[in-house]
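Asks: what follows is a predicted structure for the sequence shown.
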Amino acid sequence: MSKVGKLPVAVPAGVNVTVADGVVTVKGPKGELKQSYHNEIDIKVEGSEVILTAKDDAKQTNAYHGLYRSLINNMVKGVSEGFSKTLVITGVGYRAEVKGKELVMNLGYSSDYIAIIPDGITVVATPDGKLTVSGIDKQLVGEFSSQIRKLRKPEPYKGKGIRYETEVIRRKVGKTGVK
């Protein structure tokens, strides 16, 4: 039995979890998420908890057990609280702004980079170089944030680029110019 999968998922007030036809549906104040699951896992809603049980003790089944428990927990948290990641843009002339469903970024390349913001994601750009990506789907928020970061990864000499707010860049010493 999976250590993670054994733990029940607490369902807060205002969130509704239904299980039908191999699909878990979670509805809450921020929206609705659906997730299909493997038939080797039984999912039951009992009161204000979701309980997952594995049908056998195989290694793959244990992996599914923990996986689906984590996915359902993230769905419940997403529709009740939501997820967000903050990116910091550092560099002279580097900036970003949101225009409708597009994120327009000047990152030191010859032309601006335009990223289409996916449905279910909201992006807020502040003048001091911070981007806040938020939404109810944890995977979508993380994936879009990593795609933005990938456009100009932070470099270790001056620290220019796009980094997560909690990320620490190990700085290197440049050339000394000793003759």
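Replies: Noted; the coordinates are in hand.
Asks: can you name the next helix or strand after the lowest-mean-pLDDT helix or strand in the chain?
Replies: Taking mean pLDDT, DSSP states H and E as the measure, the chain has helix 3-6 as its least confident helix or strand, at a mean of 86. Taking DSSP states H and E as the definition, the helix or strand that follows helix 3-6 towards the C-terminus is strand 9-10.
Asks: just checking, what packs against that next one?
Replies: Here strand 9-10 is seen to pack against strand 49-54, helix 59-80 when contacts are counted using 3 or more CB pairs under 8 Å, 6 or more residues apart in numbering; DSSP states H and E. The way it works is simple: take the backbone N, C-alpha and C, and place the C-beta from them, glycine included.
Asks: in a markdown table: the ones you listed, plus distance to residue 40, mean neighbour count and mean pLDDT.
Replies: Compiled in a markdown table, those are given as follows (distance: least, CB to CB, whole Å; neighbours: other CB atoms under 10 Å; pLDDT from 0 to 100):
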| stretch | distance to residue 40 | mean neighbour count | mean pLDDT |
| --- | --- | --- | --- |
| strand 49-54 | 7 | 18 | 92 |
| helix 59-80 | 5 | 19 | 93 |
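Asks: for the least confident helix or strand of the chain, packing partners?
Replies: Counting contacts by 3+ CB pairs under 8 Å, 6+ apart, helix 3-6 packs against helix 59-80.
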